[in-house]
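J.: Sequence and predicted structure below; questions after.
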Amino acid sequence: MIMNRIFAKGSIALFAASVALGAQAQEKSLVNTSKSPYAKLQSVNMDEVTWTDGFWADRFKVARESMVPNMWRIYNDAEISHAFKNFQIAAGLDTGSHKGPSFHDGDYYKTLEAVASMYAATRDKRLDEMMDKAIAVIAKSQREDGYIYTKAMIDQRKTGEKNQFQDRLSFEAYNIGHLMTAACVHYRATGKTNLMNVAKKATDYLYRFYKQASPTLARNAICPSHYMGTVEMYRTTRDPRYLELAKNLIDIKGKINDGTDDNQDRIPFREQKKAMGHAVRANYLYAGVADVYAETGDETLINTLNLMWDDVTSHKMYITGGCGSLYDGVSPDGTSYNPTEVQKIHQAFGRDYQLPNHTAHNETCANIGNVLWNWRMLQLSGEAKYADVMELALYNSVLSGISLDGKNFLYTNPLAFSDELPFKQRWSKDRVPYIGLSNCCPPNVVRTIAQIASYAYSVSDKGLWLHLYGGNKLSTKLKDGSKLSLTQETGYPWNGNINLTIKETSAKPYSLFLRIPGWASSAKVLVNGKAVDAAVKPGSYAELNRKWKKGDKVELVLPMEAKLVEANPLVEETRNQVAVKRGPVVYCLESQDLPNLDITNVVVPATISLQPKPITIDGAQVMSLEGVAKSVEPKDWKNTLYREVSTADKTTSIRLIPYFAWGNRGHAEMSVWLPVSR
């Protein structure tokens, strides 16, 4: 008990010193790698990028005016979510029972993080006041020993017991992980420690718990958001116990006899060779392990992460960046002759190349996990391939999870939908305002969109790195402390011209690193109107090193033609079919644009010419693609399995829309992959 008090006092002293020093350059970033010895890049601060116009400015405007206020309303309305009411009951401010899923606390913390991120960008005092009122209740609900989990605490107020982590399906650590992350973002955005104090007590509790718990009891922690959260707490407070905790969390995985791929602990992490099991939990785990590597340089961790990344991107990821192909799968691969070894896995990665379309799961949280993981791999390495995957997921399988007006949501993100499916799928394929059984995705996608600016730039010892393109203003500092500000003007992703103007700069030479996407086969870079002699290769960063001066202009020109893409022939569901990509955006054919035909009647010529045309869908301007395809006569397939082939001998005009925009014009059928004639 005395030792616990000593630890607590030491932790408070460390944090007090951190606060006294104030947040230095890059220490107010979303993921703070400013002092991470094995991270090549450091994020800019959350308030240093302002969207001005174009795609992400439009999405951010919807986030500010609709997404964030709507999510806050939902999670503070007891008639809808009961999440905040649970905190009030746990705090003794109200009476009643816990309602909602066991991860409701985590949903509330994600919502709080979205509000904090919005405050960092807008300095809207109303947001600060809202958060303070909520944080006061959360703090009051916390047990004296730091434990915080409303589902258990409400019961404990009635029984007097203080048991925890007794259920293998418990989301206690998951919830606390999102508390940690929200607290770090809140502190960096506001400078206040009220939520950080709650998170510190909870992290101290976890540290003590994992010191004493058996491996079997310690594995009772579903979905490892606390790996990322624990490392971010270490980065904020510099308390070495928190990094020790993060390393221990990895070490204990697989140290039990009855682990599961559903919880990523059947095989010790360092021994894993393939990405298996629950896609959300896997991607969150990989992101957290990447954080631990950034602080420790443990080669056994990065070796496994590289294996997982190669496996996911080469065998298991959808063209949209989506992850988790199966509603329910089996692991390990269902091939054992001992049935007790074969495990049912929810939201499973599946086998290599097992990528169905109509029944694709692709939970929005898994796709966001893909972003979190690849962002951290990018910070470690500075390799453009990670930014390519991050951008792919953001524009497609993340944005598809929310309606264009920011008020309705998808849990799963299939690549095709048909009303003719002879069975009902588990989750709605029409976006809904609240996903009653599991509303984890809506606050997750809202916080992600509120934070997009934090993924746009990084700095390193060599200079400034540009990852995501969009109209914005940047005002930051380089690693040596010198000021740098610039403006970016672009119509990206609808237009491939990106124009930078230096507004304030260091007197010393430094580099600008411009990401050349892997799909950009003929990109060009100009400085002050003249082509530069720099390596401009797809899937890399073009380095421009010079002594910059105010008024210098940099132009990056990316080819934006529509391309037909085919999958590996081992992907059975898409054999002899093509998808359409233009820049980072994947397109689909939607039934609203085929009033007289079924989507299955359309055949795309391999030589099709697709022309961009701006259209407006539910108030949002997007770029459609129009062209002439072939079609076959409609057929009645009811109760028919096989029939003779018909020739596609007619022509029909088609319009493709961005995949993320499907379902925003009412109930619709849709397909990303279409038959091709060569």
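T.: It's in. Numbering: from 1, shown residues only.
J.: pretty sure residue 274 is touching residue 310, no?
T.: No - at 10.0 Å, residue 274 and residue 310 do not qualify as touching, with contact defined as Cβ atoms under 8 Å. Just so you know, the C-beta spots here come from the backbone N, C-alpha and C atoms, and that holds for glycine as well.
J.: Looking at the two, which is more packed in?
T.: Here residue 274 and residue 310 are set side by side on neighbour count (other Cβ atoms under 10 Å), and the busier one is residue 274, at 18 against 11.
J.: Without its sequence neighbours, what residue ends up closest to residue 360?
T.: For residue 360, the nearest residue in space outside its immediate sequence neighbours is residue 414; the separation is 4.5 Å by Cβ to Cβ, 6 or more residues apart in numbering.
J.: In three-state terms, how would residue 666 be classified?
T.: With DSSP: H, G, I helix; E, B strand; the rest coil as the basis, the three-state label of residue 666 is coil.
J.: and the residue lying closest to it once chain neighbours are set aside, what does it touch?
T.: The spatially closest residue to residue 666, leaving aside those adjacent along the chain, is residue 592, at 7.2 Å (Cβ to Cβ, 6+ apart). If a contact means Cβ atoms under 8 Å, 6 or more residues apart in numbering, then residue 592 has 665, 666, 668 as its contacts.
J.: wait, is residue 592 part of a strand?
T.: No - in this structure, residue 592 is helix, not part of a strand, as judged by three-state DSSP.
J.: Please report how far it lies from residue 128.
T.: When Cβ to Cβ, to the nearest Å is the yardstick, residue 592 and residue 128 sit 42 Å from each other.
J.: Please apply the same query to residue 676.
T.: 54 Å.
J.: could you pull out the strands for the stretch 201-350 of the chain?
T.: 326-331, 343-348 (DSSP state E, counting those that start in this stretch).
J.: Make TSV from the contacts of residue 592 and add distance to residue 379 to it.
T.: As requested, those are exported to TSV (distance: Cβ to Cβ, whole Å):
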residue	distance to residue 379
665	38
666	41
668	38
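J.: and of these, the nearest to residue 485?
T.: Out of the contacts of residue 592, the one with the shortest distance to residue 485 is residue 665. That distance is 40.6 Å, counting by Cβ to Cβ.
J.: How many neighbouring residues does the closest one have?
T.: Under the criterion other Cβ under 10 Å, the count of neighbours that residue 665 has is 15.
J.: Not counting its neighbours along the chain, what's nearest it?
T.: For residue 665, ignoring the flanking residues on the chain, the nearest one in space by Cβ to Cβ, 6+ apart is residue 592 at 5.0 Å.
J.: quick one: buried residues of stretch 465-474?
T.: Neighbour-count burial for stretch 465-474, counted by 16 or more other Cβ atoms under 10 Å, picks out 465, 466, 467, 468, 469, 470, 471, 472, 474.
J.: I'd assumed residue 457 was in contact with the last one.
T.: Yes - when contacts are counted by Cβ under 8 Å, residue 474 is listed as touching residue 457 (6.1 Å).
J.: what is in contact with those two at once?
T.: 44, 48, 49.
J.: and the last one, what are its bridge partners?
T.: Spelled out, it's residue 49. Note on residue 49: beta-bridge partners by DSSP bridges are residue 474.
J.: Isn't it up against residue 473?
T.: Yes - if you go by Cβ under 8 Å, residue 49 and residue 473 touch, sitting 7.4 Å apart.
J.: Number of residues surrounding residue 649?
T.: Residue neighbour count, defined by other Cβ under 10 Å, stands at 9 for residue 649.
J.: Which residue is the nearest non-sequential neighbour of it?
T.: Residue 649's closest residue in space is residue 630 (Cβ to Cβ, 6+ apart), at 7.3 Å.
J.: Could you do residue 30 as well?
T.: Across the structure, with Cβ to Cβ, 6+ apart as the measure, the residue nearest residue 30 apart from its sequence neighbours is residue 454 (3.8 Å).
J.: For that neighbour, grab the count of nearby residues.
T.: Around residue 454 sit 25 other residues, with neighbours defined as other Cβ under 10 Å.
J.: residues contacting it?
T.: With contacts defined as Cβ under 8 Å, 6+ apart, the neighbours of residue 454 are 29, 30, 31, 43, 44, 46, 49, 117.
J.: Let me know the next secondary structure element after the helix or strand hosting residue 57.
T.: Under DSSP states H and E, the secondary-structure element containing residue 57 is helix 55-62. Following the chain from helix 55-62 toward its C-terminal end, the next helix or strand by DSSP H and E is helix 68-75.
J.: Only alpha carbons, please: show that next one as CSV.
T.: The C-alpha coordinates for helix 68-75 follow below in CSV (Å, rounded to 0.1, in the frame of the first residue of the first chain):
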residue,chain,number,x,y,z
VAL,A,68,-19.7,16.1,-33.7
PRO,A,69,-22.8,17.9,-32.3
ASN,A,70,-25.0,15.0,-33.4
MET,A,71,-22.7,12.4,-31.8
TRP,A,72,-22.6,14.5,-28.6
ARG,A,73,-26.4,14.7,-28.5
ILE,A,74,-26.7,10.9,-29.0
TYR,A,75,-24.3,10.0,-26.2
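J.: which regions of this structure sit below the pLDDT cut-off?
T.: Along the chain, the model assigns pLDDT under 70 to residues 1-26, 168, 216, 218-220.
J.: mind checking the longest strand of it?
T.: What stands out as the longest strand in the chain, according to DSSP state E, is strand 620-631.
J.: Report the angle between it and helix 55-62.
T.: Taking axes from the mean of the first three to the mean of the last three Cα atoms, to 10 degrees, one finds strand 620-631 and helix 55-62 inclined to each other by 120 degrees.
J.: mind checking how far the next helix or strand after strand 620-631 is from the chain centre?
T.: Proceeding N to C from strand 620-631, the next assigned helix or strand is strand 650-658, under DSSP H and E. Its chain's C-alpha centre lies 31 Å from the corresponding centre of strand 650-658 when counted by Cα atoms, centre = their mean, to the nearest Å.
J.: contacting residues around strand 650-658?
T.: Counting by Cβ under 8 Å, 6+ apart, 395-396, 580, 585-590, 593-594, 597, 602, 604, 610, 613, 615, 617, 622-633 sit against strand 650-658.
J.: what does stretch 331-341 give?
T.: Under the contact criterion Cβ under 8 Å, 6+ apart, stretch 331-341 has outside partners 261, 262, 266, 276, 277, 342, 343, 345, 348, 351.
J.: List the buried residues for it?
T.: Quick answer for stretch 331-341 (16+ other Cβ under 10 Å): 331, 332.
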